[in-house]
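Q: Give me a model of this one.
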Amino acid sequence: MKSLNKSIMNTKERPVKILQFGEGNFLRAFVDYMIDIANEQGIFNGNIAIVKPIAYGNLDAFFKQECCYTVSLRGKESGETKVLNRIVTSVSDAIDCIKEYDKYSAYAKSESLRFIVSNTTEAGIAFDKTDSFKENPPKTYPGKLTKFLYERFTYFKGDSTKGLVMIPCELIENNGGTLKECIFKYADLWKLDGGFLNWINEACIFCSTLVDRIVTGYPKEESEAIYKELGYEDALLVTGEIFGLWVIESEKEIWNELPLDKAGLPVIFTKNQKPYRERKVRILNGAHTSFVLASYLAGNNYVRESMEDQDVKTFMTKTLFDEIIPTLSLPKEELMTFAESVIERFENPFIKHALLSISLNSVSKWKARCLPSFQGYVSKFGRIPSHLTFSLAALLSFYRSEERGENSLIGRRDNETYMILDDKYVLDFFAKYSKRPTREMVEAYLNDKSLFGDDIEKYKSLADIITLYMEDIEKNGMRKAMKKVSR
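A: Take a look at the predicted model:
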């Protein structure tokens, strides 16, 4: 069977407008996929040069396939199961910036270059005072970008029309602002020309973003069947869900230069991404966190399996529609539409998402994702929300173990054991309090602000309610206790 390359596609030559730091699955199934559609519709006309920013790995598959690859998006949309396959041709170059520094650096002098996109993991946008301007390239991503921008500033003699637009996709809040702060720190550390900082401020744009798509990567177990369906082999094949959302926050108008929304793509340009981030964290992540531990203790192992369990699904939907959505600020219709899409994503038949994988660090997740909805509900309605409170009782029940493992606690579900993975402080707390009376453990948890995250004095009956829920779970089992809450 032949391998995918440009001979299979009628590709067009386009100027490189985007330099992309990161060759991983997410950017290829998200950003590059969208750019390919915009190119096809004739509203962008620009290609991408991918930069491999770290020493690990190689670009051999990109070279062999002439940077072409297939994205297969699979899932449910409006109740219908769909598979969308696309050969992406928007990537025209791939560079190892460590082994091919001169080739990489030459893009700093490119007239057509306008955008920098990145996904270097959450730890990638960080300042390291030991990084050196003399290195080709510097070791950190912000260090690499600072030197690249300085070379561009120098080559074009500070021309304000040659600034670039930075669109980081790393999963940290205010990623654009954080990246800009790092560049200013490197400019100060390396004592770069003062005019450079003015150019950064006036000619360059740093966008903060919110990205959302589950990308499952190369489908190793299914690859041969997919090759047969496609009619060619593709070592860069990447799979993901159909749902996607890219919120790009910018004070300056960049949407005319990057009109992805005009191509019908799920891209929102805004001057304030906070409501959209709140929506995602509270609805998508909050729903996940609220049901996964209860579902696991009720006998399920995967998200989709949970959605096929009517008891769990009823609990989750009541949490979502009765207790989370009423506390959010976006229009109700928009929130309801997003919530329905979230349920379809949970029901995706192509994604096998283990509940125990999601259980990692659930204490901090509940505090970040569920507590704001809990607080908003109490503030709005003047009473304790039953489902969100039960989700906290389920969390305490899941974590309740004094049995130590390696950097973990060992929990028990019927005759099975499972690993409880969290920070040492959290594990030490549960190891200490799990043998104590339920009420004592609940009060200790709620009074520890690093665990619960709020002043328990605001919620007079909360400890009583959680204790009753936990005692019911222990006596009658998770399923029966959960069903009582959702009656």
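
Q: Now the phi/psi pair for Gly124, please.
A: Dihedral angles of Gly124 (phi, psi; degrees, to the nearest 10) stand at phi -70, psi -30.

Q: So it sits against Gly143, correct?
A: No: at 10.9 Å, Gly124 does not count as touching Gly143 under the criterion of Cβ atoms under 8 Å. For the C-beta atoms, the positions are set from N, CA and C on the backbone; glycine is no exception.

Q: and the two? which has more neighbours close in?
A: Gly143 (25 against 20; other Cβ atoms under 10 Å).

Q: The more buried one - nearest residue in space that isn't next to it in sequence?
A: Asp131 (4.1 Å; Cβ to Cβ, 6 or more residues apart in numbering).

Q: Confirm Glu323 sits in a strand?
A: No: under DSSP: H, G, I helix; E, B strand; the rest coil, Glu323 sits outside any strand and is assigned helix.

Q: same for the helix or strand harbouring Glu229, what does it pack against?
A: Per DSSP states H and E, Glu229 falls inside helix 223-230. Helix 223-230 is packed against no helix or strand, with contacts defined by 3 or more Cβ pairs under 8 Å, 6 or more residues apart in numbering; DSSP states H and E.

Q: who touches that helix?
A: Under the contact criterion Cβ atoms under 8 Å, 6 or more residues apart in numbering, helix 223-230 has outside partners 1, 70, 72, 85, 219, 233-234, 237.

Q: Filter those down to the ones in strands?
A: Those of the contacts of helix 223-230 mapping onto strands are 70, 72, 85, per DSSP state E.

Q: still on that earlier bit, mind putting the contacts of helix 223-230 into a markdown table with neighbour count?
A: Below are those laid out as a markdown table (neighbours: other Cβ atoms under 10 Å):
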| residue | neighbour count |
| --- | --- |
| Met1 | 9 |
| Thr70 | 21 |
| Ser72 | 21 |
| Asn85 | 14 |
| Pro219 | 16 |
| Glu233 | 16 |
| Asp234 | 23 |
| Leu237 | 24 |
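
Q: Just give me the closest of those to Glu403.
A: Pro219 (37.0 Å; Cβ to Cβ).

Q: Look up which residues are beta-bridged to the closest residue to that closest one other than its chain neighbours.
A: Ranked by Cβ to Cβ, 6+ apart and with sequence neighbours excluded, the top spatial neighbour of Pro219 is Thr239, at 4.9 Å. Per DSSP bridges, the residues bridged to Thr239 are Ser72, Gly217.

Q: wait, doesn't Thr239 sit right on Gly217?
A: Yes: between Thr239 and Gly217 there is a contact under Cβ under 8 Å: 6.7 Å.

Q: Of those two, which one has the most company?
A: The neighbour count for Thr239 versus Gly217, taken as other Cβ under 10 Å, is higher for Thr239 (24 against 14).

Q: Distance-wise, check that one relative to Ser341.
A: 19 Å (Cβ to Cβ, to the nearest Å).

Q: dump the residue contacts of the residue nearest to Pro219.
A: Residues near Thr239 by Cβ under 8 Å, 6+ apart: 29, 71-74, 215-219, 350.

Q: Of those, which is the most crowded?
A: Highest count within those by other Cβ under 10 Å belongs to Ala29, 27 neighbours.

Q: Isn't that one up against Val215?
A: Yes: the pair Ala29 and Val215 passes the contact test of Cβ under 8 Å, sitting 4.6 Å apart.

Q: Now list whatever residues contact both of the two.
A: Common neighbours of Ala29 and Val215, using Cβ under 8 Å, 6+ apart, are 238-240.

Q: Mind putting those residues into a markdown table with pLDDT and distance to Ala294?
A: Shown next, in a markdown table, are the shared contacts of Ala29 and Val215 (pLDDT from 0 to 100; distance: Cβ to Cβ, whole Å):
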| residue | pLDDT | distance to Ala294 |
| --- | --- | --- |
| Val238 | 97 | 33 |
| Thr239 | 96 | 29 |
| Gly240 | 95 | 28 |
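
Q: ok, so of these, who is nearest Asp159?
A: Val238 (37.5 Å).

Q: ok, and the closest residue to Gly46 other than its chain neighbours, which helix or strand is that part of?
A: What sits nearest to Gly46 in space, not counting adjacent residues and going by Cβ to Cβ, 6+ apart, is Lys17, at 3.1 Å. Taking DSSP H and E as the criterion, the element that holds Lys17 is strand 16-21.

Q: Packing partners of whichever helix or strand comes after that strand?
A: Downstream of strand 16-21, the next assigned helix or strand under DSSP H and E is helix 25-29. Applying 3+ Cβ pairs under 8 Å, 6+ apart, one finds that helix 25-29 contacts strand 69-77, strand 215-217, strand 238-240.

Q: The helix or strand just after helix 25-29 to strand 16-21, inter-axis angle?
A: Next along the chain after helix 25-29, taking DSSP H and E as the criterion, comes helix 31-40. Calculated by axes from the mean of the first three to the mean of the last three Cα atoms, to 10 degrees, helix 31-40 forms an angle of 170 degrees with strand 16-21.

Q: Can you list the buried residues in helix 31-40?
A: Residues of helix 31-40 classed as buried: 31-39 (neighbour count, 16 or more other Cβ atoms under 10 Å).

Q: can you pull the contacts of the nearest residue to Ala287 once chain neighbours are set aside?
A: Spatial nearest neighbour of Ala287, excluding adjacent residues (Cβ to Cβ, 6+ apart): Leu320 at 5.2 Å. Each residue near Leu320 by Cβ under 8 Å, 6+ apart is listed here: 283, 287, 339, 342-343.

Q: what's the spacing between Leu320 and Ile343?
A: Applying Cβ to Cβ to Leu320 and Ile343 gives a distance of 8 Å.

Q: Kindly report the same for Asp102.
A: Going from Asp102 to Ile343 by Cβ to Cβ gives 51 Å.

Q: try Ala55
A: In this view, Ala55 and Ile343 are 42 Å apart by Cβ to Cβ.

Q: Name the residue in those two with the higher neighbour count.
A: Each of Ala55 and Ile343 has its neighbours counted (other Cβ under 10 Å); Ile343 has more, 15 against 11.

Q: quick one: what helix or strand has the more buried one in it?
A: helix 332-346.

Q: which of the residues in stretch 405-425 are buried?
A: 409, 411, 418, 420-422.

Q: What about these, which are in strands?
A: Secondary structure defined by DSSP E assigns 409, 411, 418, 420 of these to strands.

Q: Now compare the residues you listed and name the two farthest from each other.
A: Leu409 and Tyr418 (9.5 Å).

Q: Any stretches of this structure with poor pLDDT?
A: Per-residue confidence for the chain (pLDDT under 70) gives these ranges: 122.

Q: hmm, back to that, just give me the closest of the contacts of Thr239 to Leu149.
A: Checking the contacts of Thr239 against Leu149 by Cβ to Cβ gives Ala29 as the nearest, at 27.5 Å.

Q: and the gap between the closest one and Ile242?
A: For Ala29, the distance to Ile242 - Cβ to Cβ - is 11 Å.

Q: Need the residues touching each of those two.
A: In contact with both Ala29 and Ile242: Leu73, using Cβ under 8 Å, 6+ apart.

Q: what's in contact with stretch 284-293?
A: 212, 303, 306, 312, 315-316, 319-320, 324, 339, 342, 345-346, 355, 358-359, 362, 365-366, 368-370, 373, 387-388, 391, 394-395, 397-398.
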